[in-house]
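S.K.: All I have is the shape, not the residue letters:
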């Protein structure tokens, strides 16, 4: 796998980020309690939606145009556009602050404005770095941000600052990452012209809905749940969602790594076969971790959730459904990333429009009727529909080869893992330490099985390790 090392760097950075976030979440849930932590989650969900207004497809446009390397100054033009969008959204937030404060259950509009500023700044810096083929640098910013955030949050919350400490940590972590990331950004010497702004607009006018689609998948259910259930239920749901998202990070790493490569090949009139090959690679490895993650969630999810505190194990079934939703969404993301890299934003616009409408309608209907199970089902159904549409449109622009054999071997390895873990759980005590040990055993069993079953996976591992891997398995 030619780009394996970059993907691995991105994945490991996300893993470090997830671990630091996991530690901070445990401290927050146990210190603040379900109700206050649920309020914190609602504020972050509101932030995630106002961030969309501050982007309007600009990051996707900047990443695409910067990666094309046509000599334009899309860094400065993009930064100016970003500042303008922030000013408009921040003003709207301040005008509507009474309604926002009432919905969030806390008077923190001014904090929301600050969090919006650092969130947009960090997003812009990361987008530019990825467009300049510095995905490995961009990847490091995530663990830097989350580790800084977690350290400050834990220190402040444990010292008695309460939910204010959680907000302060969020802002500090983003500022630290922005400063580090900005150091590596290359700014063209020439001044931007109207042409650069026009090209950014031509892409953003279609890609803005992609941001809404992504945010719809990530937090539409949380927003809708805030209308129908208490914040304590939202806290449990969010914890289940975070665990499900942990398994999906490698698929995201693949997508982020391959997008600028596909984009450059496309802009240089590269062969369609090369792009089709990269798409096949992304599909082959998108489920590498989340397939066993889904099986693991079904086997040990109830025990793992207890680490967050009493009552969190009630999210067991929600965790399973959301992990399956993440699996479907991961494959969908590979198709959409390829279509965008080939500069067909109109097609992804159609997919995103359907996804957003279906997700919103299902969330409102099913959450009203079935609570958080309805929200999880709505998210999963919309992800499945998006996957089918992504496959349909991708076939129109590139030769799509589904690696059924490789995915099948991952599933078979997960079955072998499940058998071993099941035996272990049936013959041991029900406790968190035992669950942690079983998770480790299951991971070893899965990868050992996959190495034995898949020659392609062995080759990928060998190509990206600094030493020779022993030859095993006949396949």
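M.R.: Now that the structure is in, tell me what you want to look at. This one's a predicted model, so the numbers in the text were calculated from it and none came from an experiment.

S.K.: contacting residues around residue 51?
M.R.: Neighbouring residues of residue 51 by C-beta atoms under 8 Å, 6 or more residues apart in numbering: 116, 119, 120, 123, 215. From N, CA and C alone the C-beta is placed, and that goes for glycine too.

S.K.: again, only this time at 6 Å
M.R.: For residue 51, the contact set (C-beta atoms under 6 Å, 6 or more residues apart in numbering) comprises residue 119.

S.K.: Kindly report the same for residue 239.
M.R.: Going by C-beta under 6 Å, 6+ apart, the list of residues near residue 239 reads 308, 312.

S.K.: count of neighbours near residue 369?
M.R.: By the criterion of other C-beta atoms under 10 Å, residue 369 has 10 neighbours.

S.K.: any idea of the mean pLDDT in stretch 52-63?
M.R.: The average pLDDT within stretch 52-63 is 79.

S.K.: for stretch 428-439, same thing?
M.R.: In this model, stretch 428-439 carries a mean pLDDT of 82.

S.K.: residues of that stretch that come out buried?
M.R.: Of the residues in stretch 428-439, 435, 438, 439 count as buried by neighbour count, 16 or more other C-beta atoms under 10 Å.

S.K.: Please apply the same query to stretch 405-417.
M.R.: Those would be 406, 407, 409, 410, 413, 414, 416, 417, for stretch 405-417 by 16+ other C-beta under 10 Å.

S.K.: quick one: pLDDT of residue 228?
M.R.: Here, the pLDDT recorded for residue 228 equals 74.

S.K.: okay, now it: neighbour count?
M.R.: Neighbour count for residue 228, taken as other C-beta under 10 Å: 17.

S.K.: Spit out the contact partners of the nearest residue to it once chain neighbours are set aside.
M.R.: Closest residue to residue 228 apart from its sequence neighbours, by C-beta to C-beta, 6 or more residues apart in numbering: residue 367 at 5.5 Å. Contacts for residue 367 (C-beta under 6 Å, 6+ apart) come out as 224, 228, 374, 375.

S.K.: same check, this time on residue 172
M.R.: residue 152.

S.K.: quick check: mean pLDDT across the helix or strand where it lies?
M.R.: Using DSSP states H and E, residue 172 maps to helix 163-184. The pLDDT scores in helix 163-184 average 91.

S.K.: Any idea how many residues pack against residue 365?
M.R.: By other C-beta under 10 Å, 13 other residues sit near residue 365.

S.K.: Which strand or helix spans it?
M.R.: Judged by DSSP H and E, residue 365 forms part of helix 345-370.

S.K.: That helix: what's the following helix or strand?
M.R.: The first helix or strand that comes after helix 345-370 along the chain, using DSSP H and E, is helix 372-394.

S.K.: Pull out the buried positions in that next one.
M.R.: The neighbour-count check on helix 372-394 (16+ other C-beta under 10 Å) flags 372, 374-387, 389-391, 393-394 as buried.

S.K.: Could you do stretch 171-183 as well?
M.R.: For stretch 171-183, by 16+ other C-beta under 10 Å, it's 171, 172, 173, 174, 175, 176, 177, 178, 180, 181.

S.K.: Format those residues as CSV; extra columns: distance to residue 329.
M.R.: Output for these, formatted as CSV (distance: C-beta to C-beta, whole Å):
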residue, distance to residue 329
171, 29
172, 30
173, 26
174, 25
175, 30
176, 30
177, 25
178, 28
180, 29
181, 26
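
S.K.: what's the helix or strand where residue 285 lies packed up against?
M.R.: When elements are assigned from DSSP H and E, residue 285 belongs to helix 272-286. The helices and strands touching helix 272-286, judged by 3 or more C-beta pairs under 6 Å, 6 or more residues apart in numbering; DSSP states H and E, are helix 249-267, helix 316-341.

S.K.: Could you report the distance from residue 447 to residue 371?
M.R.: Per C-beta to C-beta, to the nearest Å, residue 447 is found 37 Å from residue 371.

S.K.: I meant residue 39, not that one.
M.R.: Residue 39 sits 19 Å away from residue 371, going by C-beta to C-beta.

S.K.: Repeat that for residue 394.
M.R.: To residue 371, residue 394 is 35 Å away according to C-beta to C-beta.

S.K.: Equivalent analysis for residue 199, please.
M.R.: Distance, residue 199 to residue 371, using C-beta to C-beta: 46 Å.

S.K.: What of residue 144?
M.R.: The spacing between residue 144 and residue 371, counted by C-beta to C-beta, is 37 Å.

S.K.: pretty sure residue 176 contacts residue 149?
M.R.: No. Between residue 176 and residue 149 there is no contact under C-beta atoms under 6 Å: 8.5 Å.

S.K.: State the number of residues packed around the closest residue to residue 31 other than its chain neighbours.
M.R.: Among residues not flanking residue 31 along the chain, residue 157 sits closest, at 5.1 Å (C-beta to C-beta, 6+ apart). For residue 157, the count of nearby residues is 23 (other C-beta under 10 Å).

S.K.: surely residue 157 meets residue 33?
M.R.: No. With contact defined as C-beta under 6 Å, residue 157 does not reach residue 33; the gap is 11.4 Å.

S.K.: where does the stretch 201-350 of the chain have low pLDDT?
M.R.: Along the stretch 201-350 of the chain, the model assigns pLDDT under 70 to residues 204-220, 229-231, 250-261, 263-264, 266-272.

S.K.: re earlier: pLDDT score for the residue nearest to residue 228?
M.R.: Residue 367 is assigned a predicted lDDT (pLDDT) of 84.

S.K.: circling back: residue 39 and residue 371 - which one has more neighbours?
M.R.: Using other C-beta under 10 Å, the more surrounded residue of residue 39 and residue 371 is residue 39, with 23 against 16.

S.K.: what helix or strand does the more buried one sit in?
M.R.: If you go by DSSP H and E, residue 39 is part of helix 4-53.

S.K.: what phi and what psi does the backbone show at residue 106?
M.R.: phi -160, psi 140 (degrees, to the nearest 10).

S.K.: Quick check: the residue nearest to it when sequence neighbours are not counted vs residue 372, distance?
M.R.: In space, and not counting its chain neighbours, residue 106 is closest to residue 39: 5.8 Å by C-beta to C-beta, 6+ apart. From residue 39 over to residue 372 the distance is 17 Å, taken as C-beta to C-beta.

S.K.: and if you look at residue 236?
M.R.: Taken as C-beta to C-beta, the span from residue 236 to residue 372 is 8 Å.

S.K.: mind checking the SS state of residue 398?
M.R.: For residue 398, the assignment made with DSSP: H, G, I helix; E, B strand; the rest coil gives coil.

S.K.: residues in contact with it?
M.R.: Residue 398 sits next to 275, 276 when contact means C-beta under 6 Å, 6+ apart.
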